[in-house]
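[1] Predicted model, plus sequence, below.
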Amino acid sequence: MSGSAAVGVYETVIGLEVHVQLSTQSKMFCGCACTFGAPPNTLTCPVCLGLPGALPVLNRKAVELGVRAALVLNCTVRPESRFHRKNYYYPDIPKDYQISQYQYTGHPPLATDGALALEAGGGTRRVGIRRVHLEEDTGKLVHAGGRSLVDYNRSGMPLMEIVSEPDLRSPEEARLFLTRLRAVLQYAGVTTGRMEEGTLRCDANVSLREPGGPHGIRTEIKNMNSLRSVERALRFEEARQRDLVARGAAVVQETRHWDEARGLTFSSREKEEAQDYRYFPEPDLLPVCVDAAWIERIRRDIPELPEARRRRFVETHGLPEHDAGLLTETRPMAEFFEETVRLFGHPKTVANWLVGDIAAYMNAAGVEIEEIAVRPAALAGLLTLIDRGTISGRSAKEVLDEMLRTGRTADEIVRERGLVQISDTDELARLVDAAIAENPGPVGDVKAGKDRAVTFLVGQVMKKSRGRANPEMVNRLLRDRIGAS
Ligand SMILES: [Zn+2]
């Protein structure tokens, strides 16, 4: 990128459009189940297949979850909103239209004008939420063996779209915002928020402008399938636009797709808003009416949100702020922590293993906590073995590695590998005596009062025992036998 001084004054303007699948039992307008991973076309009926004469019936639970999301995003819920048809032809949409609340003039969406607080750059910023609306998902094309097949299981799944104001100023902020948004929606029980399963999808608008000046021409970026790819894609697009501006070339308003493997965005040659969707009101559905009493009932049912849980982790479990922040970043992680603490009552120890070795493994493997082979009961089992002195902390790391790889329990692995810690005094004394005989120099240092030499000798004994000696007992035995205290 050619970063001339003139281009440096431009600021990046990013807005996100986030689709989440609502955690309902059944689809938006029919009774078919919302299950992930079912065999193709097994979750369908005349309504979600768009057969002639079939009539949609709005899922009340989907409206409730939409209102709940609107409330946690500080939006104003509209007393009346409507659905309309967005008409277009594509094989994954059998009716040839999608029922949505998206941008039909004169029809307000479910909720508008909210905000989400974001901690960025050492301060708190409010990122505006323009609108929250409901719609149905489309089916899915599967390209295999030179053929294209269509799976209608996803057709009619309940979706909510959240459109932010263009208040984000960097790719990093966009990732932070999306992380925060996902956490709030997960905690509120609105969605599972799993990007890899497509229950949370994100598109972005990116443009450049002089600070305070009018918005520049924007591009829309699609196909970002993880938090990491959102940041990478936006970083690429920001650099691409800055480079164009630096060369005096124009940014073209278009849709671009992110290519994760090549690390770039490419034009899909599809001009934004070029298509005429011939919107008109959905004649088969009544307006959605949400009165104040219903909103209050929904508000009372909102579960504990991330901020409240973070405070509780600090106050009741005595965790440092940093640990509490990391452990409440996603709801599954917070629940994993609490479940483990119920079985093994030392919160700080549990936190150390989760934000340490387990988080490192998750990062390296690119998986979420709910995908690892170790469950809370298994982690509690490992920590109990350390606590009772059955295995040393060093062996424990080795055991955890194998647990993560194989899903076996700590007990099995410890027994099979002979990792039970040596706490037998006679056996330890033999190892200690051997270390003393082999290291006259350090032994002299210990006698002369140099405490660091004890640490060295403990290390020698640990090595002889292949990590199985109980370090506290070794320390005591060494001091006894050398005659230092
Ligand atoms: Zn159906």
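    Alright, I've got the coordinates.
[2] ok, now which ones touch the residue of the stretch 351-485 of the chain found nearest the ion?
    The stretch 351-485 of the chain approaches the ion most closely through E370 (27.6 Å), counting by CB to the ion. Heads up, the C-betas are built off the backbone N, CA and C, glycines and all. Neighbouring residues of E370 by CB atoms under 8 Å, 6 or more residues apart in numbering: P332, F336.
[3] Skip the chain neighbours and tell me the closest residue to A469.
    Excluding the flanking residues, the one nearest A469 by CB to CB, 6 or more residues apart in numbering is I422, at 5.1 Å.
[4] Touching, the one you found and N470? I think so.
    Yes. Under the criterion of CB atoms under 8 Å, I422 makes contact with N470 at 6.4 Å.
[5] who has more neighbours, these two?
    Neighbour totals were compared for I422 and N470, and N470 leads with 21 against 18 (other CB atoms under 10 Å).
[6] tell me the contacts of that one?
    Here N470 is in contact with G389, S392, Q421, I422, S423, L428 (CB under 8 Å, 6+ apart).
[7] mind running it again at 7 Å?
    For N470, the contact set (CB atoms under 7 Å, 6 or more residues apart in numbering) comprises G389, S392, Q421, I422, S423.
[8] Nearest to the ion: which residue in the stretch 51-200 of the chain?
    Here the residue of the stretch 51-200 of the chain nearest the ion is G156; by CB to the ion that distance is 5.5 Å.
[9] Report the secondary structure state of the spatially closest residue to that residue that is not a sequence neighbour.
    Closest residue in space to G156, ignoring its immediate chain neighbours: C48 at 3.4 Å, by CB to CB, 6+ apart. Following DSSP: H, G, I helix; E, B strand; the rest coil, C48 is assigned to coil.
[10] Same check on the one 3 residues further on?
    For L51, the assignment made with three-state DSSP gives coil.
[11] so the residue lying closest to A117 once chain neighbours are set aside, which of the three states?
    Spatial nearest neighbour of A117, excluding adjacent residues (CB to CB, 6+ apart): T124 at 5.4 Å. Secondary structure state of T124, per three-state DSSP, is strand.
[12] Tell me what T124 is bridged to.
    With beta bridges defined as DSSP bridges, T124 has these partners: E119.
[13] per-residue pLDDT, it?
    Per-residue pLDDT puts T124 at 86.
[14] neighbours around it, how many?
    Using other CB under 10 Å: T124 sits among 9 other residues.
[15] got a list of what E339 touches?
    Taking CB under 7 Å, 6+ apart, we find E339 in contact with P376.
[16] Just the pLDDT at it, thanks.
    So E339 comes in at 97 (pLDDT).
[17] what's the neighbour count on the nearest residue to S392 once chain neighbours are set aside?
    Once flanking residues are discounted, S392 sits nearest to Q421: 5.1 Å by CB to CB, 6+ apart. By other CB under 10 Å, the residues close to Q421 number 24.
[18] what's the first-to-last distance across stretch 41-49?
    Start and end residues of stretch 41-49 are separated by 10 Å (CA to CA, to the nearest Å).
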